[in-house]
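**Student:** compute the structure for the input listed below.
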Amino acid sequence: MAEEVDGALSEDPVILHILVVGFHHTRGSEVEFCHPKLKYGEVDDRPVMPPEWQNITALALPDGAHLTTEDSVYFLLPDPENEHRQLSAVACYRQIEAAALEETGSDVKRRVVQKSVCVLSNRPLFGLIQHHLQLATHAYFRELNFTKTQVLKDVYNHLNRTLHPSPSSPLSLSPEACISARKFVLQYGRKALVLFKLMLLEKKVLFYSHPVQRLCENVVSLLSLFPGVLENSIPTVHAAAPPVASSVDEKPSGVDLSATPDEFGFPLRFCRADCPVLPYMSLQQMDNFKGGGGIRSCVAGATNALFLHSPNLIDVKVDTETGNVDIQDSALRHTLTLTIADQRFADHVLSAVQEDEQSSSSGTNWCGGDDWVRLQFRQYLVSLLVCSRSKDTRVLTDFGTHFTRSWKETYNYRHWTVTAHPALMDIEPKHPYKGQIGLSDLRDHNVTPEQLRQSMSDTKVRLGEALTPFGQKLGAAASSTKQSLGEAVGVTRTELGGALASASSAIGGWFSSIRSKPSFYAPSPDGAYASSPDPDHAPTPDSGATPSKQPAQTAKLSFADGGDEEDDDDGFDTHGRSRFIALPPSSVDNS
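**Tutor:** Residues are numbered from 1 along each chain as shown. Got it, this is the predicted structure:
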């Protein structure tokens, strides 16, 4: 229906309808007012809802609504005009004492009256609409007369003027507006990354708590961490996945690629007809967890305790009040165990958010703010996608070997691999917080024995790979050195041998010359041994000096063996060599 927006007709208004849901003491919850009017007519002044909206009253007034004075809820409805589209709904409900009303009517039988003001939109602007609708609901209750609905008509027109897309306010329609990713990180800490990875595995996940607004915000905040999911996947009812392929490498057939304009292939297709994501689910929609209607998995929020009594229908239960994540299956729990690199990533995001929380309660700083948090998870997801296509499968170990193996079996991954994504080719395949386990990890992170062994094994393999070229060069250098050294030793040995031969010959000749010289002392005719002059050392007489003629002095002789012998010894050995050692004249005893 065309509505006036800023003086011009808008053929496609953002806000489709505004309704009021009340509780009748005999008929139960019912729609009491709708603007603009639906084409299905009215019964007893009450608008008739299309069959696709049969659960709207149970969703607008959720289970346990009577326990709070006011709260808000987000939910989804099928579009009766377009089977391929979903409508986003935000409802704000309040209580008021019946005695405070100016006009109660005959239908008011209880002390407290509760109404819910609900807005239906064709865009998933949950946060923005809730912010405006909460103020409008207060204004509606201040009328003290629920038949005065002009204020609601004014709210309808105001929202369409405010939220209608225009070049002057391109950010006004961002689905992430007023959705706090930083609060989600503060509430769950490291488990925020566990839930992020859990979404990719397409499991049955139930967010449970009361009041309902917190769990709805948790579901929507988690979805906002995935690029393009709120903008593209929530409004569109994507076809169910085809039968599971026999091989993880087999591509799904009949894939509609029109909803993947992003250069990285975002949004990932984990929100589908057979895998719904519902911020809030009433008890009437419990078949989503039972697998009825071809439902394979579901992520939803609920306040009815009956969901908790069906543990076999749920893979993971998330208590949004305590932040506890209860993973039922031990194998799935092992698959979702965070690696050391994952823990570093989660701690870095949490630390930045905590610092921002302390410095600015409004979260206006970039680092640690909502947009910054979403950017970190986007980078994490891009790195995961890049590593999943790398030929080196070891790069996936930092994301978890069991996790990546399970993720590659899901439809959303196989759907993503159908199309080539050239933008990923320029990105290095590695975890954003890749690194070996250090002392800080052992102190601050939960390092399992398996992770420690894996890290040591990876270190050994990478060290071996790094040293292989060095070892080859070192071996070649050693071989070359050995060959050169052998040649040098051979040359040196030859030259040294010649030198030793020459030296041996020279020494032998010297000894021979010594043996061939006559004795310096010869026997005199009377049998005594007199010193005979050495022709080589003969004294040179001084000029003018007359040599004195002195008789030859007889020197005492000492045996070579050191003992004294008698004079009758001839003084020669058996070889004819002298047995005496001649003493120099200066040592002769003249006494």
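**Student:** show me the shaky parts of the stretch 101-250 of the chain.
**Tutor:** By pLDDT under 70, the low-scoring segments of the stretch 101-250 of the chain are 106, 165-172, 243-250.
**Student:** where along it do the helices fall?
**Tutor:** For the stretch 101-250 of the chain, the helices defined by DSSP state H, counting those that start in this stretch occupy 126-142, 150-163, 181-188, 191-200, 212-224.
**Student:** same check on the stretch 351-500 of the chain?
**Tutor:** Under DSSP H, counting those that start in this stretch, the stretch 351-500 of the chain gives helices at 370-388, 401-407, 411-416, 439-444, 449-516.
**Student:** those helices: lowest mean pLDDT?
**Tutor:** In terms of mean pLDDT, the lowest-scoring of those is helix 439-444 (a mean of 56).
**Student:** mean confidence for the lengthiest strand in the chain?
**Tutor:** Longest strand of the chain, by residue count under DSSP state E: strand 82-97. Strand 82-97 carries an average pLDDT of 93.
**Student:** which helices and strands does it pack with?
**Tutor:** For strand 82-97, the elements it packs on are strand 15-24, helix 56-60, strand 70-79, strand 112-121, helix 126-142, judged by 3 or more C-beta pairs under 8 Å, 6 or more residues apart in numbering; DSSP states H and E. Every C-beta, even on glycine, is put in place using the N, C-alpha and C of the backbone.
**Student:** nearest to residue 326, out of those?
**Tutor:** strand 70-79 (23.1 Å; C-beta to C-beta).
**Student:** ok, now which ones touch the spatially closest residue to residue 317 that is not a sequence neighbour?
**Tutor:** Nearest non-adjacent residue to residue 317, counting by C-beta to C-beta, 6 or more residues apart in numbering: residue 326, 4.4 Å away. Contact analysis of residue 326 by C-beta atoms under 8 Å, 6 or more residues apart in numbering lists 316-319.
**Student:** name the element residue 326 belongs to?
**Tutor:** If you go by DSSP states H and E, residue 326 is part of strand 324-327.
**Student:** alpha carbons only: can I get the helix or strand that that strand is followed by in CSV?
**Tutor:** Per DSSP H and E, the first helix or strand lying C-terminal to strand 324-327 is helix 330-335. The C-alpha coordinates for helix 330-335 follow below in CSV (Å, rounded to 0.1, in the frame of the first residue of the first chain):
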residue,chain,number,x,y,z
SER,A,330,30.8,-34.7,23.7
ALA,A,331,32.0,-35.0,20.1
LEU,A,332,30.5,-31.6,19.2
ARG,A,333,32.1,-30.2,22.4
HIS,A,334,35.5,-31.5,21.2
THR,A,335,34.9,-30.1,17.8
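**Student:** in helix 330-335, what's buried?
**Tutor:** Across helix 330-335, burial judged by 16 or more other C-beta atoms under 10 Å covers 332, 335.
**Student:** one more: stretch 56-69?
**Tutor:** Buried positions in stretch 56-69, judged by neighbour count with 16+ other C-beta under 10 Å: 56-63, 65.
**Student:** by how many degrees do the longest strand of the chain and strand 70-79 diverge?
**Tutor:** Going by axes from the mean of the first three to the mean of the last three C-alpha atoms, to 10 degrees, strand 82-97 is angled at 160 degrees with respect to strand 70-79.
**Student:** just to revisit the earlier point, looking at the buried residues of stretch 56-69, which is nearest residue 333?
**Tutor:** Distances from residue 333 to the buried residues of stretch 56-69, taken by C-beta to C-beta, are shortest for residue 63, at 28.9 Å.
**Student:** redo the helices of the stretch 101-250 of the chain as a markdown table? Include mean neighbour count and distance to residue 409.
**Tutor:** Formatted as a markdown table, these follow (neighbours: other C-beta atoms under 10 Å; distance: least, C-beta to C-beta, whole Å):
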| stretch | mean neighbour count | distance to residue 409 |
| --- | --- | --- |
| helix 126-142 | 20 | 31 |
| helix 150-163 | 17 | 40 |
| helix 181-188 | 22 | 26 |
| helix 191-200 | 21 | 11 |
| helix 212-224 | 25 | 22 |
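**Student:** out of the ones you listed, which is closest to residue 113?
**Tutor:** Proximity to residue 113 (C-beta to C-beta) singles out helix 126-142 among the helices of the stretch 101-250 of the chain, at 9.5 Å.
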